[in-house]
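Q: Task: produce atomic coordinates for the following.
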Amino acid sequence: LAIKEKVLGLPTLAIYKDGQKIDEVTKDDATIPNIEEMIKRNL
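A: This next block holds a predicted model:
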């Protein structure tokens with residue numbers, strides 16, 4: 001699954017809508033403020 005979705009680093013958090021990846025944060029960007037912002041953007 002990781003290779004299929006091109007997850008090259010951990011941690012990676014991705015949000016999907018209708019089966020398509022619409023947003024993602026990885027590695028150094030995976031901070032609590034960045035994750036909260038990503039969730040707010042996609043609500």
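Q: contacts, neighbours, all on C-alpha from now
A: Noted.
Q: Skipping adjacent residues, who's closest to residue 14 in space?
A: Counting by C-alpha to C-alpha, 6 or more residues apart in numbering, the nearest residue to residue 14 once its immediate chain neighbours are dropped is residue 24, at 4.2 Å.
Q: List the strands paired with the host helix or strand of that neighbour, with their directions.
A: Taking DSSP states H and E as the criterion, residue 24 maps to strand 20-26. Each strand paired with strand 20-26, and its direction, by DSSP bridges: strand 12-17 (antiparallel).
Q: which other residues reach the partner strand?
A: 21-27, 30 (C-alpha atoms under 8 Å, 6 or more residues apart in numbering).
Q: Figure out how far it is from the centre of its chain.
A: Its chain's C-alpha centre and that of strand 12-17 lie 4 Å apart, by C-alpha atoms, centre = their mean, to the nearest Å.
Q: With stretch 14-30 instead?
A: 2 Å.
Q: same question, stretch 1-12
A: Using C-alpha atoms, centre = their mean, the offset of stretch 1-12 from its chain centre is 10 Å.
Q: What is the neighbour count of residue 29?
A: 13 (other C-alpha atoms under 10 Å).
Q: distance between the ends of stretch 9-24?
A: Counting by C-alpha to C-alpha, to the nearest Å, you get 12 Å between the two ends of stretch 9-24.
Q: now do stretch 17-37
A: OK, stretch 17-37 end separation, C-alpha to C-alpha: 17 Å.
Q: buried ones in the host helix or strand of residue 35?
A: Using DSSP H and E, residue 35 maps to helix 32-41. Within helix 32-41, the residues scored as buried using 16 or more other C-alpha atoms under 10 Å are 35, 38.
Q: Same question for stretch 16-35.
A: Under 16+ other C-alpha under 10 Å, the buried positions of stretch 16-35 are 24-26, 30, 35.
Q: what's the spacing between it and its chain's center?
A: On C-alpha atoms, centre = their mean, the centre of stretch 16-35 falls 2 Å from that of its chain.
Q: again with stretch 31-43
A: Worked out by C-alpha atoms, centre = their mean, stretch 31-43 lies 9 Å from the chain centre.
Q: contact partners of it?
A: For stretch 31-43, contacts defined as C-alpha under 8 Å, 6+ apart pick out 23-25.
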